[in-house]
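Visitor: Got a sequence here, can you build the structure:
(one chain, ligands or ions: 1)
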Amino acid sequence: MPSDALLEVRNLKKYFPVHGGLLNRKVGDFKAVDDVSFIVPRGKTLGLVGESGSGKTTIGKCITRLIRPTDGEILFNGVDLTKLNNRDMRKMRSEIQMIYQAPAASLNGRMTVGQIVGEPLLLHEKLKGAAARQRVLELLHVVGLKEEHYYRYPHEFSGGQQQRIGIARALAVQPSFLVLDEPTSALDVSVQAQILNLLQDLQDRFNLTYLFISHDLGVVRYVCDEVALLYLGKIVEVADVQTIFEEPKHPYTQALISAIPEPDPTDEKEEIILKGDLSLSKPDVGCPFAPRCHAAKVSECDTIEPPLVDTDGGHRVACHLHPEAV
Ligand code: SF4
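Guide: Reported below is the predicted structural model:
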């Protein structure tokens, strides 16, 4: 594990059984995540980007152990989370927290803000009474909420404020790593920037490390240091954020970038329209992206699945058009 890495995922797989037939027997596996590896350095943000169904949220759930992976290693500070029993994983949960896409659904509507943010303090630190209240008020202040919000209920807040409550709850146990699962996609555009700015401020202030899960490359551009593109459970391209946007090599990445609206309407660019969606059947052999690929393909595309290879000093791509650097 590299010395600057806080998280290293090695060959992660998560398969779900597929049942069918009269007796509803297992007839195969749905490979939601298939041999995925990546590193998140301390204090940095890795963006995990892909369409709905690409496997990105499943990876987040495996890291937080909401689900158990089928195979692979998840090294956090050198400790393999996949090997921990439930008791040891409970201790580890104070280090790794998750922020959810739909803030309203992730907050218990029958609890006040004080109870919601104070609950992890009680569970992990046995903190209660005046000391707990003081910590909750500090956390509310950190995320931009006020003391008067302490006794209110989630439904009394806007979507952006609800997400701030969720962030305060996650910070209560002083984590070092946050899985941010589409943290702004359910929010109005005007509020999205506020939450993204808050997350960046918190990262600087508390030296947090983020895995930022999103379907929106436009958002990822402003918050991530490195970006990994996922397609049908596999990483197809990974590089630092500047390289991804200036020199995208995989046809899938190129298509997603071409679809980002330009702030200047006179700045015209040609959008690459992706054929169909992820439901287009994955071919049994060859490149999984082949049925939707707009690029001038080579004969191997239909016969050999391209491996993810380093094409240029850390810029890794899974496409026959970009063979390994020599
Ligand atoms: Fe397209 Fe072939 Fe590259 Fe797959 S390997 S992305 S089909 S050019």
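
Visitor: remind me, longest helix of this protein?
Guide: Counting by DSSP state H, the longest helix found in the chain is helix 189-206.

Visitor: Which strands and helices lie in contact with that helix?
Guide: Helices and strands touching helix 189-206, by 3 or more CB pairs under 8 Å, 6 or more residues apart in numbering; DSSP states H and E, are helix 159-171, strand 209-214, helix 217-223. For the C-beta atoms, the positions are set from N, CA and C on the backbone; glycine is no exception.

Visitor: highest average neighbour count across these?
Guide: Highest mean neighbour count among those (mean count of other CB atoms under 10 Å): strand 209-214, with a mean of 25.

Visitor: Off-centre distance for it?
Guide: 4 Å (CA atoms, centre = their mean, to the nearest Å).

Visitor: likewise stretch 297-313?
Guide: On CA atoms, centre = their mean, the centre of stretch 297-313 falls 25 Å from the chain's centre.

Visitor: tell me the angle of the longest helix of the chain relative to strand 209-214?
Guide: Relative orientation of helix 189-206 versus strand 209-214 (axes from the mean of the first three to the mean of the last three CA atoms, to 10 degrees): 160 degrees.

Visitor: Now do helix 189-206 and helix 159-171, the angle between them.
Guide: Angle, helix 189-206 to helix 159-171, by the same axes, to 10 degrees: 20 degrees.

Visitor: thinking again about what came up before, and the helices and strands packed on helix 189-206: which comes nearest residue 68?
Guide: When the helices and strands packed on helix 189-206 are ranked by proximity to residue 68, the top entry is strand 209-214, at 18.1 Å, counting by CB to CB.

Visitor: what helices or strands is the closest one leaning on?
Guide: strand 5-20, strand 25-41, strand 45-49, helix 56-63, strand 177-181, helix 189-206, helix 217-223.

Visitor: Could you list the domains of this structure?
Guide: 5-95+175-317, 109-173 (automatic domain parsing).

Visitor: Out of the ones you listed, flag the one nearest the ligand.
Guide: Closest to the ligand of the domains of the chain is domain 5-95+175-317 (CB to the nearest ligand atom; 3.1 Å).

Visitor: First-to-last residue distance for that closest one?
Guide: With CA to CA, to the nearest Å as the measure, domain 5-95+175-317 spans 21 Å from end to end.

Visitor: got a pLDDT number for residue 236?
Guide: pLDDT for residue 236: 97.

Visitor: I'd guess it is in a helix, am I close?
Guide: No: counting by DSSP: H, G, I helix; E, B strand; the rest coil, residue 236 is not found in a helix; it is strand.

Visitor: list the contacts for it?
Guide: The contact partners of residue 236, by CB atoms under 8 Å, 6 or more residues apart in numbering, come to 229, 230, 250, 252, 253, 289, 308, 317, 318, 319.

Visitor: wait, what's in contact with residue 34?
Guide: Residue 34 neighbours (CB under 8 Å, 6+ apart): 13, 15, 55, 232, 233, 234.

Visitor: and which of these is nearest to residue 201?
Guide: Taking these together and measuring to residue 201 by CB to CB, the closest member is residue 55, at 30.1 Å.

Visitor: how near is the residue nearest to that closest one when sequence neighbours are not counted to residue 30?
Guide: Using CB to CB, 6 or more residues apart in numbering and skipping residues adjacent in sequence, the residue nearest residue 55 is residue 233, 4.0 Å away. In this structure, residue 233 lies at 9 Å from residue 30, with CB to CB, to the nearest Å as the measure.

Visitor: Can you pick out the residue with more neighbours from the two?
Guide: More crowded of residue 233 and residue 30, by other CB atoms under 10 Å: residue 233, with 25 against 10.

Visitor: Wait, that one touches residue 36, no?
Guide: Yes: look at residue 233 against residue 36 with CB atoms under 8 Å: they come within range, at 7.2 Å.

Visitor: I'd assumed residue 97 was in a strand, is it?
Guide: Yes: counting by three-state DSSP, residue 97 is part of a strand.

Visitor: what are the bridge partners for residue 179, then?
Guide: residue 98, residue 211 (DSSP bridges).

Visitor: Contacts only, for it.
Guide: Taking CB under 8 Å, 6+ apart, we find residue 179 in contact with 60, 63, 64, 96, 97, 98, 99, 210, 211, 213.

Visitor: check contacts around the most centrally placed residue in the chain.
Guide: For the chain, residue 213 is the residue whose C-alpha lies nearest the centre (CA atoms, centre = their mean; 2.3 Å). Residues near residue 213 by CB under 8 Å, 6+ apart: 47, 48, 56, 57, 59, 60, 179, 180, 181, 182.

Visitor: Out of these, which is nearest to residue 302?
Guide: Relative to residue 302, the closest of the contacts of residue 213 is residue 56; by CB to CB it sits at 26.7 Å.

Visitor: Can you tell me how far the closest one is from residue 185?
Guide: Residue 56 sits 12 Å away from residue 185, going by CB to CB.

Visitor: how about the residues of the stretch 151-300 of the chain near the ligand?
Guide: Residues of the stretch 151-300 of the chain found near the ligand (CB under 6 Å from any ligand atom) are 251, 287, 289, 290, 293, 295, 297.
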